[in-house]
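Student: missing the sequence, but the structure's below:
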């Protein structure tokens, strides 16, 4: 009986030491988890800030791009559109050529190529 009691006592001490080590590991893991969660929150805030900045830049870039596209369209229309001065041009060949630029512009003269069947 005493032998059994000694074995039980050793077993119990062994398990108590194991529980103490596991509790230390658990506390260490809790601390690591807390640090990790704090870092995760910081990174989430930083990511949100960067995404917001990216969104603002993207909106500003699109706005500027649209303005430039509008400017290109306006200038293209002015370049190839009818100008009031052309109403007063008579027989000056250079002036006539400039006023009929639409007909002389090689980019506008080209017809699209058609694929042969």
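Tutor: Cool, got the structure. Predicted model only: the values in this text are computed from it and were never measured.

Student: Tell me where the protein is predicted with low confidence.
Tutor: 90, 101-117 (pLDDT under 70).

Student: Tell me where it has helices.
Tutor: Using DSSP state H, the helices of the chain run over 2-80, 93-99, 101-104, 106-109.

Student: Nearest to residue 87, out of these?
Tutor: helix 93-99 (9.0 Å; Cβ to Cβ). No exception for glycine: its C-beta is placed from N, CA and C like everyone else's.

Student: what does that closest one contact?
Tutor: 83, 85-86, 89, 104 (Cβ atoms under 8 Å, 6 or more residues apart in numbering).

Student: Now it: buried residues?
Tutor: residue 99 (16 or more other Cβ atoms under 10 Å).

Student: Report the distance from it to the chain centre.
Tutor: In terms of Cα atoms, centre = their mean, to the nearest Å, the centre of helix 93-99 is set 49 Å apart from its chain centre.

Student: next one: stretch 15-35
Tutor: Distance, centroid of stretch 15-35 to centroid of chain: 43 Å (Cα atoms, centre = their mean).

Student: Buried ones in it, by neighbour count?
Tutor: For stretch 15-35, it's none, nothing buried (16+ other Cβ under 10 Å).

Student: neighbour-wise, which of the contacts of helix 93-99 leads?
Tutor: Using other Cβ atoms under 10 Å as the neighbour criterion, residue 89 leads the contacts of helix 93-99 with 16 neighbours.
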